[in-house]
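Novice: Structure for this input, please:
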Amino acid sequence: AVPAMRERRSKQPQGGGGATAAAAARSSIIVSEDAMDDEDSEVEADDDVMDIEEQAGAETNKTSSAGVEVEPPPIVPMIAANRHHPAATTTTIEQAAYSNTVPPKYDPIGTLPKAVYESNDDPYKDYNNDKKDGTGGLGLDDIPDDELAIAVEVSDDEDIQVAEAAVQIDPLEKQKKLKKYRRIAAGVGLVVVIVVVIVAVFATQESVDAPVVVDSTGAPTPAPTSSRRVDIESFLVQNGVVLSGVDNVEDSPQYKAFEWISDVDELALSSTDSNLLQRYALTTFHYATNEGMGQCQEKYEAYVPNACEDGGKVPFLSSSNECDWYGTECNGDNVVTSFRVASNSLSGTIPEEIRFLDSLTFLQIADDGTPGAEAITGPIPESLGELLNLEDLYLSGNSLTGTLPDSLYDLASLKTLQLNGNKIGGSLSSNIGKLSSLGGLFFLDNRLDGSLPSEIGMLGSLNFLYATNNELSGEIPSEIGQASSLVNLLLDANELTGSIPSEIGLLDILGYPTSNEPNGLRLDGNQLTGSLPESIYGLQRLQMLNLASNSLTGTISASIGQLQLLETLDLNDNMFDGTVPSELGLLSNLSLLLIQENDLTGQMPEEVCSVELLTTSSSFPVFCSDCDGNVPEINAVVVTPAFLKPKDNAKAIDVAMCFV
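Specialist: Prediction:
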């Protein structure tokens, strides 16, 4: 066994202190027969073991302090013998080395007898949880004498049988394992960190795309940039929406609407959704009118019954489809075709983004025009001209300013244009003739000036032309007679001059009844001159003829008796002369007859004094004349009923001076 052991030792690497330590550590240990009988040899053997360990430790520490990585000490081959056997024979050694005795806990292999190796520096001492003497392993006092083995060094020249120990002990094996475990733990930790980071990134992305919380006022809170937000912004900008490059742009209705659509709206539409633009347009309108659409107004409900919750409608910026927002009506494809906001006390402006509702056929943004009440201001947006499907446009009762945009004249499908009660100036363009489908043109109580364009005669479908109380000047164009569908022509309270064109007699359906209000011709309150054209007496459908407060001259023709349907005849405050024609007595439907303040002479005809004036739903009977006495005289008293009072308020009412 010794030559075999020496041959093994000779194969180990040589050189330096490491070789010395290796040689010392590889010394074989046996138990001699003399040492078993001599107590001193036991102590000597113990000292030898300690010397070997100290020498190996010193060499290891020296190498480590030099900054060189220290390799584990070489394996120590050991033998063991029972000290109570008189001879250290091979058989005895094998019995001692491969005993069937149950191994101690610090023996990982489980093949050594108890207490083969005992040291306070034992790297495996932690395996023994049954500590009794505080040394980290079993105490020597706990080992029976018949199981105690003595270890001694064997020199190279001793001829003695030895056997390698059953286990190879590496004092630094635990440290190596700990390093290995640390590397494994570090790798696992790194993988965990990477996984956590990836999860956090996806979680952050989801939180960005999710709607943000809004405050109680409904205003959106700032949100981090998301791909959906960027896509929507890019899409809106491509469609002409201004979201940057303007002072205070973040306070604009357009930007607020963009933030609500991209960050707050629970529908979370994408830039590819077909309804995105119409939802954005309505949201912009809400912010542009100072968030006036955030709740259903009482006036609106009164104007259009069951318009709000009772009618299945909800306020603007609700999470439902915009077709459920009150004021909107949609077709089967959820496309808004009608938007009605009437008497809602809105303020603010009409945004250009209204153009995105390009399927609209009906648009009403009107108020009741109550003095001092809030109203829509600003100009009519040019973009309204892009609503090519629009048939009815109602913008009455606001405080709109500016002029009529030229784009309005491109609405070939437009049937009704109502702009009453605003502050719109400028003149009517000759392009008015392009509105060939127009049936009603209403712009009462505005500031339109200039002359009435002759192209008005091209409007063959025009039934109603209301231009009362503006600043129109010039002559009434003769082409007016070509607008053959007119039933009500109101040009009163302007600054029109010249004579009444005879072509007006071509309007043979003028006055045709369409409502409870009488239809006909009103030219009162202008600066018209000349005599009445004879053709005017051919308008036998007239229910109303008001020519008061002009400078008309000539006589009142007897042909006036042909206007059998007249309910109102007001010729007062002109320069008519001659006598009162008795044919006035043929007007059996009259409820209002005013012919004072003229240069009429002669007696009041009995036929006129005997006429019974009728009370209608639109007026009370008024007839100013002195029919008493033998020679009735035409009363020259100034009398103007309130509903016919001129705009300058120069004439007072004194019904008591009239005979009813």
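Novice: The closest residue in space to residue 494 that isn't next to it in sequence and residue 430, how far apart?
Specialist: Nearest in space to residue 494, with sequence neighbours left out and distances taken as Cβ to Cβ, 6 or more residues apart in numbering, is residue 472 at 4.1 Å. Heads up, the C-betas are built off the backbone N, CA and C, glycines and all. Per Cβ to Cβ, to the nearest Å, residue 472 is found 15 Å from residue 430.
Novice: thinking again about what came up before, tell me if I am right that the residue nearest to residue 494 is in a helix.
Specialist: No. Secondary structure of residue 472 (DSSP: H, G, I helix; E, B strand; the rest coil): strand, not part of a helix.
Novice: quick one, phi/psi of residue 490?
Specialist: Listed backbone geometry of residue 490 is phi -120, psi 110, with angles given as degrees, to the nearest 10.
Novice: what about it, neighbour count?
Specialist: Neighbour count of residue 490, defined by other Cβ atoms under 10 Å: 22.
Novice: Would you mind naming the residues that bridge with it?
Specialist: For residue 490, the beta-bridge partners are residue 466, residue 522 (DSSP bridges).
Novice: average model confidence for stretch 292-299?
Specialist: In this model, stretch 292-299 has an average pLDDT of 67.
Novice: how about low-confidence regions in the stretch 501-650 of the chain?
Specialist: Counting by pLDDT under 70, the ranges of the stretch 501-650 of the chain that qualify are 611-650.
Novice: Provide a complete list of residue ranges assigned to strands in it.
Specialist: Per DSSP state E, counting those that start in this stretch, the stretch 501-650 of the chain carries strands over the ranges 520-522, 527-531, 544-546, 551-555, 568-570, 575-578, 592-594, 599-600, 622-623.
Novice: which of residue 472 and residue 430 has more neighbours?
Specialist: residue 472 (22 against 13).
Novice: I'd say the more buried one and residue 493 touch.
Specialist: No. Using Cβ atoms under 8 Å, residue 472 makes no contact with residue 493, being 9.5 Å away.
Novice: The strands of the stretch 501-650 of the chain into JSON lines, with extra columns for distance to residue 179 and mean neighbour count?
Specialist: Below are those laid out as JSON lines (distance: least, Cβ to Cβ, whole Å; neighbours: other Cβ atoms under 10 Å):
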{"stretch": "strand 520-522", "distance to residue 179": "107", "mean neighbour count": "24"}
{"stretch": "strand 527-531", "distance to residue 179": "112", "mean neighbour count": "16"}
{"stretch": "strand 544-546", "distance to residue 179": "110", "mean neighbour count": "23"}
{"stretch": "strand 551-555", "distance to residue 179": "118", "mean neighbour count": "16"}
{"stretch": "strand 568-570", "distance to residue 179": "113", "mean neighbour count": "24"}
{"stretch": "strand 575-578", "distance to residue 179": "123", "mean neighbour count": "16"}
{"stretch": "strand 592-594", "distance to residue 179": "115", "mean neighbour count": "23"}
{"stretch": "strand 599-600", "distance to residue 179": "128", "mean neighbour count": "15"}
{"stretch": "strand 622-623", "distance to residue 179": "117", "mean neighbour count": "22"}
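Novice: which strand of this structure spans the most residues?
Specialist: Ranked by residue count and defined by DSSP state E, the top strand of the chain is strand 336-342.
Novice: That one pairs with which strands, parallel or anti?
Specialist: strand 328-330 (antiparallel), strand 362-366 (parallel).
Novice: Need the contact partners of the longest one.
Specialist: This points to strand 362-366. 329, 337-343, 346, 350, 354, 357, 376, 384, 387, 390-398, 418 (Cβ atoms under 8 Å, 6 or more residues apart in numbering).
Novice: mind listing what residue 425 touches?
Specialist: By Cβ under 8 Å, 6+ apart, the contact list for residue 425 reads 401-403, 446-449.
Novice: Kindly apply the preceding question to residue 557 instead.
Specialist: Applying Cβ under 8 Å, 6+ apart, the residues near residue 557 are 532, 534, 537, 581.
Novice: ok, now how distant is the third one from residue 188?
Specialist: Note on residue 537: its distance to residue 188, by Cβ to Cβ, is 108 Å.
Novice: Who has more neighbours out of these two?
Specialist: Higher neighbour count among residue 537 and residue 188: residue 537, with 18 against 10, using other Cβ under 10 Å.
Novice: The more buried one touches residue 560, doesn't it?
Specialist: Yes. Under the criterion of Cβ under 8 Å, residue 537 makes contact with residue 560 at 6.1 Å.
Novice: which residues do the two both contact?
Specialist: In contact with both residue 537 and residue 560: no residue, using Cβ under 8 Å, 6+ apart.
Novice: roughly how far apart are residue 514 and residue 463?
Specialist: For residue 514, the distance to residue 463 - Cβ to Cβ - is 7 Å.
Novice: Name the residues contacting each of the two.
Specialist: By Cβ under 8 Å, 6+ apart, the residues touching both residue 514 and residue 463 are 487-488.
Novice: neighbour count winner among the two?
Specialist: A direct count of neighbours by other Cβ under 10 Å for residue 514 and residue 463 places residue 463 higher, at 21 against 11.
Novice: Let me see the contact set for that one.
Specialist: Contacts of residue 463 (Cβ under 8 Å, 6+ apart): 439-440, 485-488, 514.
Novice: Most neighbours among those, please name it.
Specialist: residue 486 (25 neighbours).
Novice: Could you give the separation between the terminal residues of stretch 332-351?
Specialist: 26 Å (Cα to Cα, to the nearest Å).
Novice: same check, this time on stretch 431-448
Specialist: 16 Å.
Novice: Buried residues of that stretch, list them for me.
Specialist: Across stretch 431-448, burial judged by 16 or more other Cβ atoms under 10 Å covers 432-435, 437-446, 448.
Novice: and what of stretch 465-485?
Specialist: Going by 16+ other Cβ under 10 Å, stretch 465-485 has these buried residues: 465-470, 472-474, 476-477, 479-483.
Novice: ok, now which ones touch the closest residue to residue 582 other than its chain neighbours?
Specialist: Distances taken as Cβ to Cβ, 6+ apart put residue 605 closest to residue 582, at 3.9 Å, once the chain neighbours are dropped. Shown in contact with residue 605 (Cβ under 8 Å, 6+ apart): 580-582, 584-585.
Novice: Would you mind measuring from residue 605 to residue 273?
Specialist: 76 Å.
Novice: low-scoring pLDDT stretches of the stretch 101-250 of the chain, where are they?
Specialist: In the stretch 101-250 of the chain (pLDDT under 70), the answer is 101-177, 201-225.
Novice: mind redoing it with 80?
Specialist: For the stretch 101-250 of the chain, the stretches with pLDDT under 80 are 101-183, 185-189, 197, 199-226, 245-246.
Novice: burial count for residue 240?
Specialist: Applying other Cβ under 10 Å, we find 11 residues neighbouring residue 240.
Novice: scratch that, residue 199
Specialist: By other Cβ under 10 Å, 10 other residues sit near residue 199.
Novice: Can you verify it is assigned to a helix?
Specialist: Yes. The assignment for residue 199 by three-state DSSP puts it in a helix.
Novice: Tell me how far it lies from residue 191.
Specialist: 13 Å.
Novice: just residue 362 next, same as before
Specialist: 64 Å.
Novice: now do residue 561
Specialist: Relative to residue 191, and taking Cβ to Cβ, residue 561 is found at 108 Å.
Novice: the more surrounded of these two?
Specialist: Legend: neighbour count by other Cβ under 10 Å for residue 561 and residue 191, higher for residue 561 (17 against 10).
Novice: Can you list the residue ranges for strands in the stretch 301-450 of the chain?
Specialist: Along the stretch 301-450 of the chain, counting by DSSP E, counting those that start in this stretch, strands occupy 328-330, 336-342, 362-366, 377-379, 392-394, 399-401, 416-418, 440-442, 449-450.
Novice: Now the third one: average pLDDT?
Specialist: Strand 362-366 shows a mean pLDDT of 93.
Novice: Repeat that for stretch 428-442.
Specialist: Averaging pLDDT along stretch 428-442 yields 96.
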